[in-house]
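Peer 1: the following block contains a protein sequence and its predicted model.
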Amino acid sequence: AQSVTQPDIHITVSEGASLELRCNYSYGATPYLFWYVQSPGQGLQLLLKYFSGDTLVQGIKGFEAEFKRSQSSFNLRKPSVHWSDAAEYFCAVGALASYDKVIFGPGTSLSVIP
Amino acid sequence: EPEVTQTPSHQVTQMGQEVILRCVPISNHLYFYWYRQILGQKVEFLVSFYNNEISEKSEIFDDQFSVERPDGSNFTLKIRSTKLEDSAMYFCASSPGQGADRELFFGEGSRLTVL
């Protein structure tokens, strides 16, 4: 069965500092990986996705993520965090070759100190 | 830019009442989903819908829940007899296809409060 873990429940960083949010997945087939962001009271916005090809993917708002099959990881990074990046971040995994559901991780809450 | 729209944005209901949450997916999308998020918790899969039938459902999606695509544009989630624990944000999502096209586009959500 699919599963996603995000080991960090809450992270606090200073504005301008670099950020890495961890994500590990478990899935038997070729995974289709996503990062979504949710601002308070808002819906889910896709930051980036990976399904094949270059294992380093670029997303919106200056985010990138690296797929490492050997570590079953898909960590999200940003070189310099802005105060507006404070939000909840969800890693998600789906099956590449079917209409199967996408499963979300528990989320990491990011706080940014001015 | 096309988007998934959901109504109502917030609904308050009494326990035991029926609730219908409505979604208008992006027009050329083929796959439809409902997720829910209890306050402060993770986003949980409820049901997926393709070709006018349920393709998969979770343990949460019991006999009190049903989905329908009545007119080719709306996609509804019905809860027949609401319970307190149904209070959550419900997200509708749609996807254009499989493989590389499979990206879920989410609506802004419908907040359900059961009293």
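Peer 2: Good, I have the coordinates.

Peer 1: the helix or strand harbouring residue B:45 pairs with which strands?
Peer 2: Per DSSP states H and E: residue B:45 is located in strand B:43-50. Strand pairing for strand B:43-50, determined by DSSP bridges: strand B:31-37 (antiparallel), strand B:53-57 (antiparallel).

Peer 1: quick one: contacts for residue 111?
Peer 2: Went with chain A since none was named. A:10-13, A:86 (C-beta atoms under 8 Å, 6 or more residues apart in numbering or on different chains). Using the backbone N, CA and C atoms, a C-beta is placed for each residue, glycine as well.

Peer 1: meant chain B, my bad for not saying
Peer 2: Residues in contact with residue B:111, defined by C-beta under 8 Å, 6+ apart, are B:9-11, B:88-90.

Peer 1: return the member of those residues nearest to chain A.
Peer 2: Proximity of the contacts of residue B:111 to chain A (C-beta to the nearest C-beta) peaks at residue B:89, which lies at 8.8 Å.

Peer 1: does that closest one have beta-bridge partners, and which?
Peer 2: residue B:37, residue B:111.

Peer 1: before we move on, what about residue A:91?
Peer 2: Per DSSP bridges, the residues bridged to residue A:91 are residue A:35.

Peer 1: tell me the spacing between it and residue A:109.
Peer 2: Look at residue A:91 and residue A:109: by C-beta to C-beta, to the nearest Å, they are 13 Å apart.

Peer 1: one step back: for the strands paired with strand B:43-50, give me CSV that also has mean pLDDT and mean neighbour count.
Peer 2: Shown next, in CSV, are the strands paired with strand B:43-50 (pLDDT from 0 to 100; neighbours: other C-beta atoms under 10 Å in any protein chain shown):
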stretch, mean pLDDT, mean neighbour count
strand B:31-37, 94, 24
strand B:53-57, 90, 14
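
Peer 1: adding distance to residue A:50, write those out as CSV.
Peer 2: Formatted as CSV, those follow (distance: least, C-beta to C-beta, whole Å):
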stretch, distance to residue A:50
strand B:31-37, 19
strand B:53-57, 22
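
Peer 1: pLDDT below threshold where in chain A?
Peer 2: In the predicted model of chain A, residues A:96-100 satisfy pLDDT under 70.
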